[in-house]
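Engineer: model the structure of this input:
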Amino acid sequence: MPALLLVAGCVHAGSVDSPGDRWQLVETQNFRIFTDAGALHYKFLATRLENVHLAISKTFFHRLETPPLDVLLVHEPMFIELIQNPDIIAWFEPTVGDNGVLVMRVGLGDEDETSAGLGVAAHIVRHGIPRAPPWMSLGLSSFLETAVVRNDGEARFGLPPVVHAVHVMEGRLMGLAELEKATWADMNGPENWRHYATAWAFVHFMAVGGTPEVRKDFFEMLEQAASGDPQQPLQLPLARYQEAFLAYALGTFGSKPSVRVFVEQLGALSPPSMKITPVAAPEMTTILKAVQAARPSADAQ
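Structural biologist: Modelled structure (predicted):
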């Protein structure tokens with residue numbers, strides 16, 4: 001058995017300059033998966049991606065249509081060559097291709113491709129609410145990227161990303177008046193961790209922890225952000241939520257965390273249809289080099 005495993009591993013030992021001839025393009029309704037992994041892996045990932053896309057769009061973005069998202073599913077040696085950051089398990093890069101690319105590494109068994117929501121959330125939010133202010137765009141992406149879709153069709157949103165929850169627990173929140181005015185430069189500046197954590201916690205409060213009136217406000221905000229001129233971002237006053245938000249955040253993610261989630265019933269789920277075509281090595285080298293040139297820095301999350 002060890003010998004068989006060794007032989008199987010050698011089949012996929014390609015590099016960016018010489019990726020091999022086993023690459024395929026797996027196309028579903030909303031994704032284009034480039035991979036040299038076996039059918040077990042790409043079918044699992046395609047199903048998970050489509051289920052997460054369905055859950056997010058049905059729950060938060062009715063009538064939304066997005067262009068296909070490119071996904072690169074590679075084995076660990078290729079992933080390390082591309083990303084060169086051992087702390088990253090998946091990476092969404094919006095600057096590669098027409099609509100960005102989600103880079104993922106092949107996992108093992110049921111642990112395979114557990115970060116499917118990462119790029120799907122960012123992709124849908126980008127196209128679903130083009131007028132969203134920075135806090136809404138990044139906060140909602142973080143809220144949605146941990147989505148879990150069970151086999152029975154139940155979708156759960158709002159599981160806390162560990163890094164954000166830690167910042168909230170340690171009281172590193174900023175005031176909503178400051179968050180409201182934050183620009184993209186602020187959100188990605190020296191204190192971006194405070195902006196991200198506060199934006200995520202505030203979206204969690206609006207979608208899960210507030211009153212029915214607050215949740216209604218939130219969905220009305222999403223409707224406003226989905227329509228109109230994308231060059232005119234929304235200005236949404238947040239100060240009136242400050243007291244209730246702070247009480248919720250500190251109570252929910254404090255010393256005795258009790259995190260609630262947003263639950264949506266999707267109904268029966270069906271495996272996605274797939275079109276599979278081979279991809280030539282020179283074409284894959286071009287794609288891989290584009291990803292490698294845009295790889296994240298060592299401190300990327």
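Engineer: for the strand or helix carrying Ser141, what is the distance to the chain centroid?
Structural biologist: Using DSSP states H and E, Ser141 maps to helix 134-144. Its chain's average C-alpha position is 10 Å from that of helix 134-144, according to Cα atoms, centre = their mean, to the nearest Å.
Engineer: report the buried residues of it.
Structural biologist: Of all the residues in helix 134-144, those buried under the rule 16 or more other Cβ atoms under 10 Å are 134-144. For the C-beta atoms, the positions are set from N, CA and C on the backbone; glycine is no exception.
Engineer: can you tell me which two in those residues are farthest apart?
Structural biologist: Pro134 and Leu144 (15.9 Å; Cβ to Cβ).
Engineer: ok, back up a step: for Lys275, state which of the buried residues of helix 134-144 is nearest.
Structural biologist: Leu144 (26.9 Å).
Engineer: could you measure from that closest one over to Ile129?
Structural biologist: The spacing between Leu144 and Ile129, counted by Cβ to Cβ, to the nearest Å, is 11 Å.
Engineer: Glu191 now?
Structural biologist: Taking Cβ to Cβ, one finds Glu191 at 24 Å from Ile129.
Engineer: the more surrounded of these two?
Structural biologist: Ile129 (24 against 12; other Cβ atoms under 10 Å).
Engineer: so the closest residue to that one other than its chain neighbours, which state does it fall into?
Structural biologist: Once flanking residues are discounted, Ile129 sits nearest to Ala225: 3.7 Å by Cβ to Cβ, 6 or more residues apart in numbering. Under DSSP: H, G, I helix; E, B strand; the rest coil, Ala225 falls in the helix class.
Engineer: strands of the stretch 51-200 of the chain, start to end?
Structural biologist: 69-74, 90-93, 101-105, 148-149, 154-157 (DSSP state E, counting those that start in this stretch).
Engineer: could you report the neighbour count for Ala226?
Structural biologist: Ala226 has 18 neighbouring residues, counting by other Cβ under 10 Å.
Engineer: then the one 5 residues further on?
Structural biologist: The number of residues packed near Gln231 is 7, by other Cβ under 10 Å.
Engineer: and it, what pLDDT?
Structural biologist: Looking at Gln231, its pLDDT stands at 80.
Engineer: ok, it to Ala239 distance?
Structural biologist: From Gln231 to Ala239 the distance is 26 Å (Cβ to Cβ).
Engineer: low pLDDT regions in the stretch 151-300 of the chain?
Structural biologist: By pLDDT under 70, the low-scoring segments of the stretch 151-300 of the chain are 162-171, 253-259, 296-300.
Engineer: quick one: the helices in the chain?
Structural biologist: 2-11, 39-60, 76-83, 116-128, 134-144, 162-169, 176-181, 184-187, 192-204, 212-226, 242-252, 281-293 (DSSP state H).
Engineer: figure out which of those is closest to Pro19.
Structural biologist: helix 281-293 (4.5 Å).
Engineer: so what touches the closest one?
Structural biologist: The contact list for helix 281-293, computed with Cβ atoms under 8 Å, 6 or more residues apart in numbering, reads 16-21, 23, 34, 72, 78, 81-82, 93, 96-97, 101, 103.
Engineer: for ChimeraX, what selects the buried ones among those?
Structural biologist: Typed into ChimeraX, the next command selects the buried ones out of the contacts of helix 281-293 (criterion: 16+ other Cβ under 10 Å):
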select :19,23,34,72,78,81,82,93,96,101,103
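Engineer: quick one, phi psi at Thr146?
Structural biologist: Per-residue torsions, Thr146: phi -100, psi 20 (degrees, to the nearest 10).
Engineer: how about the one 5 residues further on?
Structural biologist: Summarising the backbone geometry of Asn151 under the convention degrees, to the nearest 10, its torsions are phi -60, psi -20.
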